[in-house]
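Participant: attaching a predicted model along with its sequence, questions to come.
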Amino acid sequence: GESVGLHLPTLSVQEGDNSIINCAYSNSASDYFIWYKQESGKGPQFIIDIRSNMDKRQGQRVTVLLNKTVKHLSLQIAATQPGDSAVYFCAENPTWNTDKLIFGTGTRLQVFP
Amino acid sequence: DTEVTQTPKHLVMGMTNKKSLKCEQHMGHRAMYWYKQKAKKPPELMFVYSYEKLSINESVPSRFSPECPNSSLLNLHLHALQPEDSALYLCASSHGGQGNSPLHFGNGTRLTVT
């Protein structure tokens, strides 16, 4: 399944399928990006990050892709599990050499059996 | 459990009350943050402290007053709040300094202003 962020805030996928969550960021000067997962009643949890000098980074079951040309970030989750159900946020650091981190709108991922 | 601890978990206060939210981390991080999150919205940055100095204030009303007593502690003092200030208040920390390290979040304080 695939989302387009603002236009599809909820993504429903079947357990075992791959998920793709998309994010369009606003500032072409942003040089650091993070994906967070937020479960109900909890704070955001770090998933994976990527710097602007890279276009792909892989973690355990997750891959982040960065396309600076179109200011687009995506999170791919392989073999989605029920425990992946949460709201996913992308975040960007829009100002070099500061500790500022700005969050995108978010996408809810629902995994059904 | 997170490595950033926030207290209290829930807080109900009247518009004339004064209260404080507390945050603590022992990861040696030098940057600490306050975010505000309304239901079904992303966290919004309020304040950033870098090396115990306020480095970013995102035009937050003065009824919110941050304080960083030392590198492990961060407080948010609340006074004369409005009902629309009801939200989840999240504290976070990071290694800090160059803006390229992830933030670690606590589970927040759920604030209700009556």
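Facilitator: Received it, and whenever you're ready, just let me know what you need. Numbering: from 1, shown residues only, chains lettered A, B, ... in the order given.

Participant: residues in chain B within reach of chain A, list them.
Facilitator: B:2, B:4, B:31, B:33, B:41-45, B:48, B:50, B:55-56, B:90, B:92, B:94, B:96-100, B:102-108 (C-beta under 8 Å from any C-beta of the partner chain). Quick note: C-beta positions are derived from backbone N, CA and C, even for glycine.

Participant: can I get the buried part of those as one PyMOL selection?
Facilitator: For the buried members of those, the matching PyMOL selection, counting by 16 or more other C-beta atoms under 10 Å in any protein chain shown, is:
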select buried, chain B and resi 2+4+31+33+42+43+44+45+48+50+56+90+92+94+96+99+100+102+103+104+105+106+107+108
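
Participant: helices or strands next to the worst-scoring helix or strand of chain A on mean pLDDT in the packing?
Facilitator: The least trusted helix or strand in chain A, going by mean pLDDT, DSSP states H and E, turns out to be strand A:102-103, with a mean of 92. Helices and strands touching strand A:102-103, by 3 or more C-beta pairs under 8 Å, 6 or more residues apart in numbering or on different chains; DSSP states H and E, are strand A:86-93.

Participant: and A:Trp35, how far from B:Ser101?
Facilitator: According to C-beta to C-beta, to the nearest Å, A:Trp35 stands 15 Å off from B:Ser101.

Participant: those two: which has the busier surroundings?
Facilitator: Between A:Trp35 and B:Ser101, counted using other C-beta atoms under 10 Å in any protein chain shown, the more crowded position is A:Trp35 (26 against 20).

Participant: next up, the contacts around that one.
Facilitator: Counting by C-beta atoms under 8 Å, 6 or more residues apart in numbering or on different chains, A:Trp35 touches A:Ile21, A:Ile47, A:Ile48, A:Asp49, A:Val62, A:Val64, A:Leu73, A:Leu75, A:Tyr88, A:Phe89, A:Cys90, A:Ala91.

Participant: okay then, goodbye and thanks.
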